[in-house]
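Participant: Sequence first, predicted coordinates after that:
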Amino acid sequence: MTVYAIAQLKMTDRATYDRYQARFFEVFRKFNGRLLAADEQPRVLEGTWPHDKLVMMSFPDEAAFLAFSSSPDYEEISRDRKAGAQATVLLVKGFAPAG
């Protein structure tokens, strides 16, 4: 079942985060993921949103996401993401209607 990874980011060190972002695709493209959205100015329709960026990705299944997120290549570059931004990251299961 398709899963979606949603990251909400609050920048703490933009230069460090940008270093992560510059290397992201060279790692990401190895794992069958799709980048669905990366928006630094999402339109807030209801409530408050105290973040600076939202990223949405899809993967064929949870195993594919875990292969990406725990890979040595991603672990190496994610040090810059963690140093450059506070993040809330969600993994959400896709919806499969019954029937």
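Facilitator: Sure thing, it's come through. All figures in this text were calculated on a predicted structure; none of them were measured in a lab.
Participant: Just give the number of residues close to residue 25.
Facilitator: 10 (other C-beta atoms under 10 Å). (Glycine included, C-beta is placed from N, CA and C.)
Participant: and what of residue 53?
Facilitator: Using other C-beta under 10 Å, residue 53 has 18 neighbouring residues.
Participant: quick one: it from residue 14, how far?
Facilitator: Going from residue 53 to residue 14 by C-beta to C-beta, to the nearest Å gives 11 Å.
Participant: if you average pLDDT over the longest helix anywhere in the chain, what comes out?
Facilitator: Using DSSP state H, we find that the single longest helix of the chain is helix 14-28. Here helix 14-28 scores 97 as its mean pLDDT.
Participant: helices or strands up against whatever helix or strand comes next after that helix?
Facilitator: Sequence-wise, the next helix or strand beyond helix 14-28 is strand 34-39, with elements assigned using DSSP states H and E. Taking 3 or more C-beta pairs under 8 Å, 6 or more residues apart in numbering; DSSP states H and E as contact, the helices and strands that strand 34-39 lies on are strand 53-59.
Participant: Many thanks, I have nothing further to ask.
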